[in-house]
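K.L.:
Have a look at this prediction, sequence included:
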Amino acid sequence: MILIEGKIDEKRVTFLLDTGSVNTIVNIRSYRTDQLMLPLAQRNRSAPGFTGQAVHLRVTLSLEGHTWVGQSVGMMNLDGIQQALGIRFDGLLGQDILREFRSVRIDYSAHVIELES
């Protein structure tokens, strides 16, 4: 698992790299203090991965010296995924952000990702 530091609306967050996620998803509990009531994301029974109810918001996302203003992200309750994986993170970094880079190099053995503009 590869963790990446970033910011959502100037709040520091830790993303888990998820190349299988089409969109970037933020844990609603990491983003909001008034706790929207969303059910836990669950393992998808018919395909790999997880599924759940999401609320889409536009945020300012900063990562690796790049900033996206008005970036659409899904807000979900990722607590169950964190528990299943045994790791703490604030969101899943998906393909929507990875596609913004000319090159993405992933070194799984070193737990490093290189993003090239």
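P.N.:
Structure's in. What do you need?

K.L.:
what about stretch 91-109, start to end distance?
P.N.:
End-to-end distance of stretch 91-109 (C-alpha to C-alpha, to the nearest Å): 22 Å.

K.L.:
List the contacts of it.
P.N.:
Residues from elsewhere that reach stretch 91-109 (C-beta atoms under 8 Å, 6 or more residues apart in numbering): 2, 4, 6, 8, 13-19, 21-27, 30, 61, 63, 66, 68, 71-73, 78, 112-117. To be clear about C-beta, it is placed using only N, CA and C from the backbone, and glycine gets the same treatment.

K.L.:
which parts of that stretch are buried?
P.N.:
91-94, 96-98, 101, 104 (16 or more other C-beta atoms under 10 Å).

K.L.:
returning to that earlier point: restricted to strands, list the contacts of stretch 91-109.
P.N.:
Among those, the residues falling in strands (DSSP state E) are 4, 6, 8, 13-17, 25-27, 61, 63, 66, 68, 71-73, 112-116.

K.L.:
Which members of those residues come out as buried by neighbour count?
P.N.:
Using 16+ other C-beta under 10 Å, the buried members of those are 4, 6, 8, 13, 15-17, 25-27, 61, 63, 68, 71, 73, 113, 115.
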